[in-house]
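A.B. asks: Using only what follows, build the 3D model:
(4 chains)
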2 protein chains.
Amino acid sequence: MNSRKKNVLLAAQRLFIEKGFSSTSVQDIIEEAKISKGTFYNYFSSKNECIVAILENVKEETSIKRRELLVQQNDADLNILVEQMTIRMNIYQDQNLYPIIVSIIHSQDLELRDLVKMNYLEEVNWLAKRLVDIFGEQTKDIAVDCSVLVLGMIQQLQHPWIRQYTKVSTEKIIRFVMRRIETIIYEMARTNDSLLKRPCFELNTEEKLLTKDEISKQLESFYLKEINSLKLKEIQMIEYILEELNREQPRKFLLEKIVPSLTEAFTNTSLEHKSTMIIYHIWKFLDRI
Amino acid sequence: MNSRKKNVLLAAQRLFIEKGFSSTSVQDIIEEAKISKGTFYNYFSSKNECIVAILENVKEETSIKRRELLVQQNDADLNILVEQMTIRMNIYQDQNLYPIIVSIIHSQDLELRDLVKMNYLEEVNWLAKRLVDIFGEQTKDIAVDCSVLVLGMIQQLQHPWIRQYTKVSTEKIIRFVMRRIETIIYEMARTNDSLLKRPCFELNTEEKLLTKDEISKQLESFYLKEINSLKLKEIQMIEYILEELNREQPRKFLLEKIVPSLTEAFTNTSLEHKSTMIIYHIWKFLDRI
DNA sequence: GAATATTTTATACTCATAGTATAAAAAAAG
DNA sequence: CTTTTTTTATACTATGAGTATAAAATATTC
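C.D. replies: Residues are numbered from 1 along each chain as shown, chains lettered A, B, ... in the order given. The predicted structure follows:
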């Protein structure tokens, strides 16, 4: 990246930190960076592409610092993990990234949303792996669940409206949450109390995206083949989903409501395995409309 | 509210559920409701005021249903609590409210943000109270912390990217989280491991908002009075905060970073009590810029 | 160093959307 | 039936993303 472009990026970053992403116009950026509009759109095809570059920098920075911390250290040292987590939280806070991330999650921009999603899932998986490092192999099957719980607790305690009443720094919050997880994790492992399917969680980035019609076809063939083992309610749900998928514009909010019920219906039945992939593809599809 | 206005509200609600809040333009709403722009702005002074009305309806609906559930029932029955929580989660999901809430939280609209904040804090307090109902008086001092943890865990497990890999319904998620809290809560009570200051948490809505100058003056007089008991680092922090408060436009992101360090510096010292209120007012001030 | 290619600038444009203004028409109230 | 209020239609302002383009500045190549 040439230094001129880097300069624009830094200017944008300054403004985003100060005024937030959506309140910063492209006009503001080009004034701050002292370039013309043409140049900006020569470097970035949109304001979003500009934030993508920033997010990628941040990711790089985080993972370098984290790896440095582990050099010559014990994997199983909880203090190191806390430091590693603190790094990310602090970068996010310093650079005011939470509001940006959140607005991306609910935006329409597919490419951007996918980037943030990947970052997020990588973080979940990274933390799960580190939890196993610390709490041992017996926690492997519930580590992803724990990881999600940890991130949820931390995020809530970091919420500006809660921080107003909190006594402490990011690190103290993380330590507080880790004490909670220590209490929970062994019992979860013992009772194998897990909500998340680990196999699906492994990120396979080159995975093929199925079209609406392909999904619809797969679901229909599953339906026809297994119709004798299906209960009435399941039949109704599948028929409904098919109907919705066959509209030109399937209604996301309806499918999002019905698909979990279907998943649940098949949980711990002989059809669970066969249905998992189809349902997974429906979700992937919903995610991109 | 007249039926015509109610009709507009329903139309708006339909569109928000389908397309989301920010992707629904006022134009869309007036077409759906078959009214003219003038009428819309006669009923609501802005698009935001329209969502306020919807959020208030939802709050009303939730609290009625929840109260119904408790009639003639045992306070300490965990199943009732789970049902009560499920109600809210389901309404939020059905009506696609999460993205709306989230975008409000990071919006500039003070009135709207305050409404959502109040709703949120009420929910935290309500849940804390219900946790005490169930787990007993000994959990009183850590109930607010637990409440926040519960909400954080649930919210994360409800996240669309996580739900993709989740086997289950909202209710199962809530039960899963409640099992975790059961494991945690007694130990927290025993060790009194708490991050949140309960006294501040009680909502006093008529509380006076101090201006920037009033806060600055209070902090300065605290500083002058206590200067002999202050450590160097504390002095530097206070001086810095004063400097920032005295700018015409104090930079929120800088203060947000420095204030928690100050809070922490005073935790468990003789100055904790005296500093708490000032710091609280600084937070309140940051919240409205 | 001249010719060519590229990057940058300035400026004017389109398009979408929130919100305002207003005069005429319709409906309600007295 | 007259007056007041509400509603409609329509045109307007303002903001901000993104496009288009011609001229100027800079870099590359021979």
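
A.B. asks: What confidence value was assigned to A:Met85?
C.D. replies: Per-residue pLDDT puts A:Met85 at 96.

A.B. asks: repeat for A:Gln164
C.D. replies: 81.

A.B. asks: ok, now how distant is it from A:Phe44?
C.D. replies: For A:Gln164, the distance to A:Phe44 equals 36 Å [Cβ to Cβ, to the nearest Å]. The C-beta positions use only the backbone N, C-alpha and C, and glycine is treated the same way.

A.B. asks: How about A:Val177?
C.D. replies: Using Cβ to Cβ, we find A:Val177 at a distance of 37 Å from A:Phe44.

A.B. asks: repeat for A:Gln155
C.D. replies: Counting by Cβ to Cβ, the gap from A:Gln155 to A:Phe44 is 29 Å.

A.B. asks: do A:Tyr165 as well
C.D. replies: In this view, A:Tyr165 and A:Phe44 are 40 Å apart by Cβ to Cβ.

A.B. asks: try A:Val259
C.D. replies: 36 Å.

A.B. asks: before we move on, what about A:Val116?
C.D. replies: For A:Val116, the distance to A:Phe44 - Cβ to Cβ - is 17 Å.

A.B. asks: How about A:Asn57?
C.D. replies: 14 Å.

A.B. asks: go on, A:Ser103?
C.D. replies: In this view, A:Ser103 and A:Phe44 are 18 Å apart by Cβ to Cβ.

A.B. asks: same deal with A:Arg180?
C.D. replies: Here A:Arg180 is placed at a distance of 42 Å from A:Phe44 (Cβ to Cβ).

A.B. asks: Count the residues that sit near A:Glu122.
C.D. replies: Neighbours of A:Glu122 under the rule other Cβ atoms under 10 Å in any protein chain shown: 13.

A.B. asks: Assign it to helix, strand or coil.
C.D. replies: helix (DSSP: H, G, I helix; E, B strand; the rest coil).

A.B. asks: if I read this right, A:Val132 contacts A:Asp141, doesn't it?
C.D. replies: No: contact criterion Cβ atoms under 8 Å: A:Val132 and A:Asp141 do not qualify, at 9.8 Å.

A.B. asks: Would you pull up the residue in chain A closest to DNA strand D?
C.D. replies: A:Ser25 (3.3 Å; Cβ to the nearest atom of the strand).

A.B. asks: Give the residue spans of chain A that score low on pLDDT.
C.D. replies: A:1, A:198-207 (pLDDT under 70).

A.B. asks: Can you pull the residues of it lying near DNA strand C?
C.D. replies: Neighbours of DNA strand C within chain A, by Cβ under 7 Å from any atom of the strand: A:Arg4, A:Lys34, A:Ile35, A:Ser36, A:Lys37, A:Gly38, A:Thr39, A:Asn42, A:Tyr43.

A.B. asks: One more pass at 10 Å, please.
C.D. replies: Residues of chain A lying close to DNA strand C by Cβ under 10 Å from any atom of the strand are A:2-5, A:8, A:27, A:30, A:33-43.

A.B. asks: Please enumerate the strands of the stretch 101-250 of chain A.
C.D. replies: Counting by DSSP state E, counting those that start in this stretch, no segments of the stretch 101-250 of chain A form strands.

A.B. asks: tell me, how many neighbours does A:Phe253 end up with?
C.D. replies: Neighbours of A:Phe253 (other Cβ under 10 Å): 15.

A.B. asks: Next, find the distance separating it from B:Leu219.
C.D. replies: 48 Å.

A.B. asks: residues contacting A:Phe16?
C.D. replies: A:Phe16 makes contacts with A:Thr24, A:Ile51, A:Ile54, A:Gln95, A:Asn96, A:Ile100, as judged by Cβ atoms under 8 Å, 6 or more residues apart in numbering or on different chains.

A.B. asks: Go through those residues and name the one nearest A:Arg67.
C.D. replies: A:Gln95 (20.0 Å; Cβ to Cβ).

A.B. asks: what about the closest one, how many neighbours?
C.D. replies: Neighbours of A:Gln95 using other Cβ under 10 Å come to 18.

A.B. asks: ok, of the residues of chain A next to DNA strand C, which come out buried?
C.D. replies: Among the residues of chain A next to DNA strand C, those classed as buried by 16 or more other Cβ atoms under 10 Å in any protein chain shown are A:Lys5, A:Val8, A:Ile30, A:Ala33, A:Ile35, A:Phe40, A:Tyr43.

A.B. asks: For the residues you listed, which two are the farthest from each other?
C.D. replies: Maximum distance among those (Cβ to Cβ): 12.9 Å, for A:Lys5 and A:Ile30.

A.B. asks: picking that back up, quick one: which of A:Arg180 and A:Phe44 has more around it?
C.D. replies: A:Arg180 (24 against 20).

A.B. asks: most centrally placed residue in chain A?
C.D. replies: A:Tyr120 (3.2 Å; Cα atoms, centre = their mean).

A.B. asks: Disregarding residues adjacent in the polypeptide, which is nearest to that residue?
C.D. replies: B:Trp161 (6.2 Å; Cβ to Cβ, 6 or more residues apart in numbering or on different chains).

A.B. asks: Now do the helices in the stretch 151-289 of chain A.
C.D. replies: A:160-163, A:170-191, A:198-201, A:212-226, A:232-245, A:252-266, A:272-287 (DSSP state H, counting those that start in this stretch).

A.B. asks: Now these in JSON lines, please, with extra columns for distance to B:Leu232.
C.D. replies: Below are the helices of the stretch 151-289 of chain A laid out as JSON lines (distance: least, Cβ to Cβ, whole Å):
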{"stretch": "helix A:160-163", "distance to B:Leu232": "25"}
{"stretch": "helix A:170-191", "distance to B:Leu232": "22"}
{"stretch": "helix A:198-201", "distance to B:Leu232": "49"}
{"stretch": "helix A:212-226", "distance to B:Leu232": "64"}
{"stretch": "helix A:232-245", "distance to B:Leu232": "66"}
{"stretch": "helix A:252-266", "distance to B:Leu232": "55"}
{"stretch": "helix A:272-287", "distance to B:Leu232": "52"}
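
A.B. asks: Could you work out which of these reaches nearest to A:Gly136?
C.D. replies: Evaluated over the helices of the stretch 151-289 of chain A, closeness to A:Gly136 peaks at helix A:170-191, with 8.6 Å, by Cβ to Cβ.

A.B. asks: Residue numbers of chain A in contact with DNA strand D?
C.D. replies: Chain A comes close to DNA strand D at residues A:4, A:21-30, A:36-42, A:44-50, A:109, as judged by Cβ under 10 Å from any atom of the strand.

A.B. asks: Which ones among those also lie next to chain B?
C.D. replies: Restricting the residues of chain A next to DNA strand D to those touching chain B (Cβ under 8 Å from any Cβ of the partner chain) yields A:Ser23.

A.B. asks: A:Val132 and A:Asp141: who's more crowded?
C.D. replies: A:Val132 (22 against 16).

A.B. asks: For the more buried one, which residues are in contact?
C.D. replies: Contacts of A:Val132 (Cβ under 8 Å, 6+ apart): A:Thr139, A:Lys140, A:Ala143.

A.B. asks: Repeat the analysis, applying 10 Å as the threshold.
C.D. replies: A:Val132 sits next to A:Asp75, A:Ala76, A:Gln138, A:Thr139, A:Lys140, A:Asp141, A:Ile142, A:Ala143, A:Val144, A:Cys146, A:Ser147, A:Ile185 when contact means Cβ atoms under 10 Å, 6 or more residues apart in numbering or on different chains.
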